[in-house]
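# Got a predicted structure plus its sequence, pasted below:
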Amino acid sequence: MVKEEVVLVSFWSSPFGSRVKIALEEKGIHYEYKEEDLFNKSSYLSTINPVHNKVPVLIHNHRSICESLNIIEYIDEAWSDRSPQFLPSDPHQRSQARFWADFIDKQLYEASKKIYREKGEEQVNNGKKEVLRILKLVESELGEKAFFGGDNLGFVDISLIPFYSRFYTWETFGKFSIEEECPNLVAWAKRCMQKQSVANSLPDPLKIYDFIVSLNKYYHK
Ligand SMILES: N[C@@H](CCC(=O)N[C@@H](CS)C(=O)NCC(=O)O)C(=O)O
């Protein structure tokens, strides 16, 4: 058997990078991890992701794949013989999964930044409102299911769960409790954390908090 080359280039705190780690671990794919210093980007990054110059980038047999959701779909297709399958085979369910992953992708990260970027109380309150609106919509999509993917982690689970390690930061800056507002979603997140793939891939929430505090100082210099 020809040995496959699978390399993940990412940054430790990246929720987008965590998505890829979870997907690789769920499928049991061995990979090499390369940490990219985002404060001093390598010229290598611009060769593997010339369009965005961002992480994560997956390199599979010397070819790079960019954008986390695109990478997860790629992993699902390139290793389609391995379970779990992240995207459902039914076209409607498949399009729904893509819809929710895209919704999370486009809205949650940007809304959350308003909570911790220290731009005044009004901004924080708007951020909180937006984050809770998004989380409540997503929670109602989960319904009574164990995971968005049913019995297994699926595309939407993998898209969303990395943000769980940021809940502590959002709650501390915003002085609110996500568990009080979205108890079923937090119960889902705790279920996800029982999976080795997730527990191994999410950074420590306290480390994320310290990192964001230090980033704020950096931005306000
Ligand atoms: N839409 C991209 C987002 C990637 C992204 O924003 N990566 C951040 C790290 S969390 C990055 O590389 N930032 C460096 C920069 O913006 O220069 C994805 O899903 O992969």
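Looks like it came in fine.

# and the closest residue to residue 79 other than its chain neighbours, what does it touch?
In space, and not counting its chain neighbours, residue 79 is closest to residue 27: 5.0 Å by CB to CB, 6 or more residues apart in numbering. All C-beta spots, glycine's among them, are computed from the backbone N, C-alpha and C. Going by CB atoms under 8 Å, 6 or more residues apart in numbering, residue 27 touches 75, 79, 82-84.

# Where strands are concerned, which of those count?
Among the contacts of residue 27, DSSP state E puts none in strands.

# Is there any residue in the helix or strand bottoming out on mean pLDDT in the chain that contacts the ligand?
Here the helix or strand of the chain ranked lowest by mean pLDDT, DSSP states H and E is helix 205-219, holding a mean of 93. No: figure legend: helix 205-219 not in contact with the ligand (CB under 6 Å from any ligand atom); closest approach 11.1 Å.

# Quick check on the closest residue in space to residue 84 that isn't next to it in sequence: phi, psi?
Using CB to CB, 6+ apart and skipping the chain neighbours, the partner closest in space to residue 84 is residue 152 (4.0 Å). The phi and psi values for residue 152, taken as degrees, to the nearest 10, are phi -120, psi 170.

# wait, isn't residue 152 in contact with residue 88?
No: in this structure, residue 152 is not within contact of residue 88 by CB atoms under 8 Å, at 10.6 Å.

# remind me which residues of this protein are low pLDDT?
Residue ranges of the chain with pLDDT under 70: 1-2, 220-221.

# Now do the helices in it.
15-27, 43-48, 68-78, 91-116, 121-142, 155-160, 167-174, 178-181, 183-193, 196-201, 205-219 (DSSP state H).

# Can you add distance to residue 55 and give the ones you listed back as CSV?
Shown next, in CSV, are those (distance: least, CB to CB, whole Å):
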stretch, distance to residue 55
helix 15-27, 6
helix 43-48, 7
helix 68-78, 9
helix 91-116, 14
helix 121-142, 24
helix 155-160, 16
helix 167-174, 20
helix 178-181, 26
helix 183-193, 22
helix 196-201, 14
helix 205-219, 15
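
# Quick check: which of these is buried the most?
helix 155-160 (a mean of 27; mean count of other CB atoms under 10 Å).

# on contacts alone, who are the packing partners of the least confident helix or strand of the chain?
Applying 3 or more CB pairs under 8 Å, 6 or more residues apart in numbering; DSSP states H and E, we find helix 205-219 packed against helix 167-174.

# What parts of the chain come near the ligand?
Residues of the chain lying near the ligand (CB under 6 Å from any ligand atom): 11, 14, 16, 38, 54-56, 67-69.

# List buried residues within these.
11, 14, 16, 54-56, 67-69 (16 or more other CB atoms under 10 Å).

# right, and out of those residues, which lies closest to residue 94?
Among those, residue 69 lies closest to residue 94 (CB to CB), at 13.3 Å.

# Contact partners for that closest one?
Residue 69 is in contact with 19, 101-102, 105, 155, 159, counting by CB under 8 Å, 6+ apart.

# would a markdown table of those residues with distance to residue 197 be doable?
Listed next are those as a markdown table, based on distance: CB to CB, whole Å:
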| residue | distance to residue 197 |
| --- | --- |
| 19 | 11 |
| 101 | 17 |
| 102 | 22 |
| 105 | 20 |
| 155 | 14 |
| 159 | 14 |
